[in-house]
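[1] After the sequence you'll find the predicted model.
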2 protein chains.
Amino acid sequence: MAHPLIRKLEQFTRLSADDQRLLERVTSEHVRRIGPREDIVSEGDEPGEIHLILSGWACRSKQLEDGRGAILAFLLPGDLCDLDNFLLRTMDHSVGALTAVTLAGIPRSLFEDLMLNHARIAQALWSSALIDAAIQREWTLNLSQRTAYERLCHLLCELFLRLRTVGLTQGSSCELPVTQAKLAEATGLTLVHLNRMLQELRAANLVVLKSKTLTIPNLEVLMSAALFNPAYLHLDQAGEASDTAAAVPILALDERSDGLQL
Amino acid sequence: MAHPLIRKLEQFTRLSADDQRLLERVTSEHVRRIGPREDIVSEGDEPGEIHLILSGWACRSKQLEDGRGAILAFLLPGDLCDLDNFLLRTMDHSVGALTAVTLAGIPRSLFEDLMLNHARIAQALWSSALIDAAIQREWTLNLSQRTAYERLCHLLCELFLRLRTVGLTQGSSCELPVTQAKLAEATGLTLVHLNRMLQELRAANLVVLKSKTLTIPNLEVLMSAALFNPAYLHLDQAGEASDTAAAVPILALDERSDGLQL
DNA sequence: CGTCAGGTTGATGCCATTCAACTTAGGTGG
DNA sequence: CCACCTAAGTTGAATGGCATCAACCTGACG
């Protein structure tokens, strides 16, 4: 499978062969593996590196003083964990591994070089930061307006589409290596209620979820149940002068579902 | 009152006199005024300008297909409305004026020049974009974990502190030129319930709110009721080599409250 | 002095939480 | 290979925070 970061950035600009080699080199020098539940960066510190996820899942999370806390974002292969550290003084939240994670550490000085002397790469990195912000806005809307059921549908749609852009789906399936407790933290629901929503989703045959594998029999149906509008993911950017514009269809993916469709 | 953008950016870097002049010029060429309820940018379009708020309040908002919608952010003087348009193809949400707003339009080409050829300015603008993202994360946490009451406290704390960094507070007071309906849209509550929370806040003497003026008798008490941790606003950045580091105290602002303190 | 936006109040109901138990699956050591 | 252990998932019943529906009040303005 291609390098997830390059794959992701190529959504935004066509990267030259030089740029690609540079990215590969930069992200292969300080690679380390960490286990589930370990922290990648913690609230308060300002590490000297920017971290990129090469494989595995992580999450941004933040706690209130009294212990309540939430997952604010899922981080997938190709995602940067702590762009904040490039310009801000301290982390205002934590990033933790949900599974075993392979991590590339990019020293700040190197990262600065990328941002200052490689316009194409810089543009793509900032684009992806803007999209992360758009995702965060959509999560805000989620919590504010969607029902528990819609919220869960929406989250699953988003994860599936994001995984697909980095080549981590197989047909209508993908890995979902997280517990229901984590999905609950991300949707702002209790574990108990999330479980019930998930069962409704299964009963309606909108998803099949077994042994950490998610299958979406009919993505369009799930999307409409979620009131999902993929615009916020900006999947259609396809860097100017790109010659692969029509490569990935966004919506047309339904392997015929054989169950009832709500 | 000083230029709100310059005032805001000076949190992050000391800007040279040249940089300041440049910013002043760039933000004074396409100034226009719009009335409350008018849109500044709308979902779907890609205007040729980046918009900056010089005075007045605006909000980011997003709707679901069935009409439900939410306010995702408040935009105050010094805030950019649509940085998205600098790198992304289309707006995935709208920005609308809440009051009469004075707006500076910065042509894309000019903005690009700022970003590419004026490192200090670019760094400050991106820093402020990262902080906007941090604010969005905090709003996510708000909706996910804080109670209605805490949420309202938190919003008022945030607005007050943000207004203070651009010099729009007077002592423990500031303008709050929005209706309860808008506060409800921003906190994910119904108008009715927001009204009740506000009354509780008044009864506890945590805020005084009359004729669009908000007074916070004791900010520390309000902050603790909100479980407010100002770290996410990164108010302490005070650009390296800044000589005004100790200028603005963050927490020490309590005019003695004369009411009961929870 | 009528009108309308903004604000306030009461009654009722539901979505999601809470508490508490139970089941299942996966892993580990005897 | 079974006994045990723990994490993960499931189910039931009761409670409550916030929504909903529906009035009513208030002040600003023409």
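    Great, that's in hand.

[2] so is A:Thr102 in a helix, a strand, or just coil?
    A:Thr102 falls in the strand class when you classify it by DSSP: H, G, I helix; E, B strand; the rest coil.

[3] which helices and strands sit right next to the helix or strand hosting A:Glu200?
    Assigned by DSSP states H and E, A:Glu200 falls within helix A:191-203. The contact analysis (3 or more Cβ pairs under 8 Å, 6 or more residues apart in numbering or on different chains; DSSP states H and E) places helix A:191-203 against helix A:148-165, helix A:180-187, strand A:208-210. From N, CA and C alone the C-beta is placed, and that goes for glycine too.

[4] Give me the nearest residue to the residue in the stretch 151-262 of chain A positioned nearest to chain B, chain neighbours excluded.
    Residue nearest to chain B within the stretch 151-262 of chain A: A:Gly188 (3.7 Å; Cβ to the nearest Cβ). Nearest residue to A:Gly188, sequence neighbours excluded (Cβ to Cβ, 6 or more residues apart in numbering or on different chains): B:Ser144, at 3.7 Å.

[5] do the helix or strand containing the one you found and DNA strand C meet?
    Element membership for B:Ser144, per DSSP H and E: helix B:119-145. No - with Cβ under 7 Å from any atom of the strand as the criterion, DNA strand C is not reached by helix B:119-145; the gap is at least 8.8 Å.

[6] got the buried residues for the helix or strand harbouring A:Glu112?
    Assigned by DSSP H and E, A:Glu112 belongs to helix A:108-117. Residues A:110-111, A:114-115 are the ones in helix A:108-117 that count as buried (16 or more other Cβ atoms under 10 Å in any protein chain shown).

[7] what's it packed up against?
    helix A:17-26, strand A:49-55, helix A:84-87, helix A:119-145.

[8] picking that back up, quick check: angle from the helix holding A:Glu200 to helix A:148-165?
    Angle, helix A:191-203 to helix A:148-165, by axes from the mean of the first three to the mean of the last three Cα atoms, to 10 degrees: 70 degrees.

[9] buried sites along helix A:191-203?
    Residues A:194, A:197-198, A:201 are the ones in helix A:191-203 that count as buried (16+ other Cβ under 10 Å).

[10] for stretch A:181-194, same thing?
    By 16+ other Cβ under 10 Å, the buried positions in stretch A:181-194 come out as A:182-189, A:194.

[11] can you list the residues of chain A near DNA strand C?
    A:147-149, A:188-190, A:192-194, A:196, A:211.

[12] the domain parsing of chain A - what is it?
    With domains defined by automatic domain parsing, chain A comprises A:1-145, A:147-262.

[13] hang on, A:Asn57 packs against A:Thr99?
    No, residue A:57 isn't Asn; it's Trp. Yes - counting by Cβ atoms under 8 Å, A:Thr99 is a contact partner of A:Trp57 at 5.0 Å.

[14] Those two: which has the busier surroundings?
    Neighbours around A:Trp57 and A:Thr99, counted as other Cβ atoms under 10 Å in any protein chain shown, are more numerous at A:Trp57. The numbers are 23 against 16.

[15] In contact with the more buried one, which residues?
    Residues in contact with A:Trp57 (Cβ atoms under 8 Å, 6 or more residues apart in numbering or on different chains) are A:74-76, A:97-99, A:101, A:177-178.

[16] And the buried residues of helix A:108-117, which two are furthest apart?
    Based on Cβ to Cβ, the longest span within the buried residues of helix A:108-117 runs between A:Leu110 and A:Met115 and measures 9.9 Å.

[17] can you list the weak-confidence ranges in the stretch 1-150 of chain A?
    A:1 (pLDDT under 70).

[18] Close to chain B: what parts of the stretch 51-200 of chain A are there?
    A:60, A:62, A:64-66, A:68-70, A:72-73, A:83-84, A:87-90, A:92-93, A:116, A:119, A:123, A:126-127, A:129-134, A:136-141, A:143-146, A:188 (Cβ under 8 Å from any Cβ of the partner chain).

[19] re earlier: shared neighbours, A:Trp57 and A:Thr99?
    With contacts defined as Cβ under 8 Å, 6+ apart, the residues shared by A:Trp57 and A:Thr99 are A:177-178.

[20] Next, the residue in the stretch 1-150 of chain A that DNA strand D sits nearest to: phi, psi?
    At 8.0 Å from DNA strand D, A:Pro36 is the closest residue in the stretch 1-150 of chain A, using Cβ to the nearest atom of the strand. When read as degrees, to the nearest 10, the backbone of A:Pro36 gives phi -60, psi 150.

[21] got it, and A:Ile40?
    Note on A:Ile40: backbone dihedrals following degrees, to the nearest 10 are phi -90, psi -50.

[22] what's near enough to touch it?
    A:Ile40 neighbours (Cβ under 8 Å, 6+ apart): A:34, A:51, A:58, A:81-82, A:95-97, A:101, A:103.

[23] Show me what counts as buried in stretch A:71-90.
    Using 16+ other Cβ under 10 Å as the test for burial, stretch A:71-90 gives A:71-89.

[24] Within range of DNA strand D, give me the residues from chain A.
    Counting by Cβ under 7 Å from any atom of the strand, chain A sits next to DNA strand D at A:179-181, A:191-192, A:195-196, A:198-199.

[25] Swap in 6 Å and give it another go.
    Contact residues (Cβ under 6 Å from any atom of the strand) of chain A with DNA strand D: A:179-181, A:191-192, A:195, A:198-199.

[26] From B:Leu9, how far off is the closest residue to DNA strand C within chain A?
    Nearest to DNA strand C, among the residues of chain A, is A:His193, at 3.1 Å (Cβ to the nearest atom of the strand). Using Cβ to Cβ, to the nearest Å, A:His193 is found at 44 Å from B:Leu9.

[27] A:Pro217 now?
    Look at A:Pro217 and B:Leu9: by Cβ to Cβ, they are 51 Å apart.

[28] Look at these two and report which has more neighbours.
    For the pair A:Pro217 and B:Leu9, the greater number of neighbours falls to B:Leu9 (24 against 19), based on other Cβ under 10 Å.

[29] these two touch, right, that one and B:Leu125?
    Yes - under the criterion of Cβ under 8 Å, B:Leu9 makes contact with B:Leu125 at 7.1 Å.

[30] could I get the contacts of A:Ile40 as a markdown table with distance to B:Leu161?
    Output for the contacts of A:Ile40, formatted as a markdown table (distance: Cβ to Cβ, whole Å):
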| residue | distance to B:Leu161 |
| --- | --- |
| A:Ile34 | 35 |
| A:His51 | 29 |
| A:Ala58 | 30 |
| A:Cys81 | 27 |
| A:Asp82 | 24 |
| A:Val95 | 25 |
| A:Gly96 | 28 |
| A:Ala97 | 33 |
| A:Val101 | 35 |
| A:Leu103 | 34 |
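
[31] any weak-confidence spans in the stretch 151-262 of chain A?
    Low-confidence segments of the stretch 151-262 of chain A (pLDDT under 70): A:238-262.

[32] can you give me the angle the helix holding B:Ser144 makes with helix B:180-187?
    Going by the same axes, to 10 degrees, helix B:119-145 makes 90 degrees with helix B:180-187.

[33] So which bits of helix B:119-145 are buried?
    Residues B:120-145 are the ones in helix B:119-145 that count as buried (16+ other Cβ under 10 Å).

[34] chain center to it: distance?
    The chain centre lies 10 Å from the centre of helix B:119-145; the measure is Cα atoms, centre = their mean, to the nearest Å.
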